[in-house]
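J.: curious how this folds, go ahead:
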Amino acid sequence: MLWVLFALLVLGILAFDLGVLARKVHLPSPREALLRTLFFVVLALAFAPVVWWLYEHHDFGAGTAQGLRGHEAVVAYLTAWLLEQSLSLDNIFVMALIFSYFRVPKELRQRVLFWGILGALVLRLVMIVAGAAAVRRFHWVIYVFGALLIASAVKMLFTSEEGLEPDKNWFVRTARKFFPITSEYQGEHFFFKLADGRWAVTPLFLTLVMIESTDVMFAVDSIPAAFAVTSDPFLVFTSNVFAILGLRSLYFALEGLMGRFKYLKVSLMLVLMYVGVKMLVSGYYDISNTISLIVIVTTLCVGVFASMARSDGETPATGPRRQMRRIVILVVGGTVILMGVVMLAAPGPGLLTIFAGLTILAAEFAWARRWLKKTKDTFGDLKAKVTRRPK
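T.: Residues are numbered from 1 along each chain as shown. Purely as a prediction, here's the structure:
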């Protein structure tokens with residue numbers, strides 16, 4: 001019943017996304033993409049109290065198999081969600097290369113990403129159910145997952161997406177073998193009826209096939225990483241779903257910034273390496289999810305700001321580049337603050353996380369600097385009062 005209710009929720013979100021947010025075929029502006037990204041971030045974090053309630057009261061049997069309580073489930077869900085969200089950034093870079101290779105018009109990319117995300121949800125569900133069954137039946141699978149993540153981290157460090165060759169993709173070659181291909185795009189259609197009555201596929205369909213097939217490779221990394229956080233299949237699936245739902249908006253928000261993240265790939269590699277090691281030592285030493293959450297947030301923030309510092313050192317950030325910088329800082333800082341707010345209801349450094357998010361925002365926004373100063377002054381006054389209190 002729990003899975004059915006969540007499936008209905010996801011269908012409702014997709015219907016709202018397709019029927020309201022993306023009703024017209026157009027290229028989203030950076031501001032529109034940013035607002036959509038924030039919407040999906042807030043949606044993912046708003047689900048955390050639902051997770052707490054389900055697992056604290058064990059409604060629909062949630063958490064009974066693993067013995068999870070509400071606060072433990074919330075920390076596991078947030079950690080898995082952030083992990084999946086961060087790993088999806090590498091997916092975005094590959095999507096950009098695929099769109100460039102097939103010369104997909106920018107206004108049509110929304111449609112490809114929507115159906116690509118829908119296919120990814122179904123694929124992830126199948127892989128997560130299979131992975132959970134394997135972990136329950138064979139505990140040693142955890143060590144296989146850990147070794148796989150470490151190997152993926154090393155491969156990520158020494159390989160480049162620039163060598164992407166869609167024409168050698170098995171799925172693309174199969175589609176070309178069985179269907180005629182139109183030489184031009186036919187609007188937003190994946191299929192087109194030729195003059196002789198035969199059906200042909202358009203380049204837009206080949207793009208979709210390529211994106212779906214590459215998601216299989218990314219799922220091989222991301223799903224074992226989520227199982228490093230929790231073996232609860234519902235938490236693994238929900239964290240995956242909310243990370244994937246915002247992928248399309250995140251792509252358009254970061255489209256013009258991808259070349260500026262010089263060190264983000266290194267951060268993702270370190271995150272994969274850390275999660276892989278966590279799985280390998282899980283039988284001997286248990287690393288709490290709160291520590292994992294702090295490690296992941298810190299690693300990603302260092303990668304983002306190191307990249308931006310290097311870019312600022314090369315040329316001043318003005319005009320569109322300044323706007324892109326503000327978008328990234330707002331998304332990262334806002335996400336960290338929202339996570340801190342959610343963590344106030346669960347064990348974890350909630351206040352410290354909020355303060356860290358405010359510090360990130362203060363790097364670019366004057367209002368954040370004022371709030372940060374007021375926060376410091378407030379804590380300073382409280383400290384002074386405590387110090388002056390007679391013993």
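J.: so Leu83: helix, strand or coil?
T.: Under DSSP: H, G, I helix; E, B strand; the rest coil, Leu83 falls in the helix class.
J.: burial of Ile181, as a residue count?
T.: 13 (other Cβ atoms under 10 Å). The C-beta positions use only the backbone N, C-alpha and C, and glycine is treated the same way.
J.: not counting sequence-adjacent ones, nearest residue to it?
T.: Of all residues not flanking Ile181 in the chain, Val201 sits nearest, at 5.9 Å (Cβ to Cβ, 6 or more residues apart in numbering).
J.: bridging residues for the one you found?
T.: On the basis of DSSP bridges, Val201 is bridged to Ile181, Phe191.
J.: residues near it, how many?
T.: So Val201, with other Cβ under 10 Å, has 21 neighbours.
J.: per-residue confidence for it?
T.: Note on Val201: pLDDT of 85.
J.: buried ones in the host helix or strand of Ala134?
T.: Assessed by DSSP states H and E, Ala134 sits inside helix 109-137. Residues 109-117, 119-121, 123-125, 127-128, 131-132, 134-135 are the ones in helix 109-137 that count as buried (16 or more other Cβ atoms under 10 Å).
J.: likewise for stretch 264-284?
T.: 264-280.
J.: contact partners of that stretch?
T.: 83, 86-87, 89-90, 142-143, 145-150, 152-154, 156-157, 221, 224-225, 227-229, 287, 292, 295-296, 299-300, 302-304, 307 (Cβ atoms under 8 Å, 6 or more residues apart in numbering).
J.: give me the most central residue, the protein.
T.: Nearest residue to the geometric centre of the chain (Cα atoms, centre = their mean): Gln85, 1.7 Å.
J.: next one: the residue lying closest to Arg136 once chain neighbours are set aside from Thr207, what distance?
T.: Sequence neighbours aside, Ser231 is the residue nearest to Arg136 in space, at 7.6 Å (criterion: Cβ to Cβ, 6+ apart). Between Ser231 and Thr207 the computed distance is 36 Å (Cβ to Cβ, to the nearest Å).
J.: more neighbours: those two, which one.
T.: Neighbours per residue (other Cβ under 10 Å) separate Ser231 from Thr207, with Thr207 holding more: 27 against 19.
J.: three-state assignment of the more buried one?
T.: Under three-state DSSP, Thr207 comes out as helix.
J.: thinking it is in contact with Ser100, fair?
T.: No: with contacts counted by Cβ atoms under 8 Å, Thr207 stays clear of Ser100, the gap being 10.6 Å.
J.: contacts only, for Ile142.
T.: 135, 227-228, 279, 282-283.
J.: so which strand or helix has it?
T.: helix 141-158.
J.: can you list the buried residues in that helix?
T.: For helix 141-158, using 16+ other Cβ under 10 Å, the buried residues are 141-142, 145-146, 148-150, 152-153, 156.
J.: following it, which helix or strand comes up?
T.: Next helix or strand after helix 141-158 toward the C-terminus (DSSP H and E): helix 170-178.
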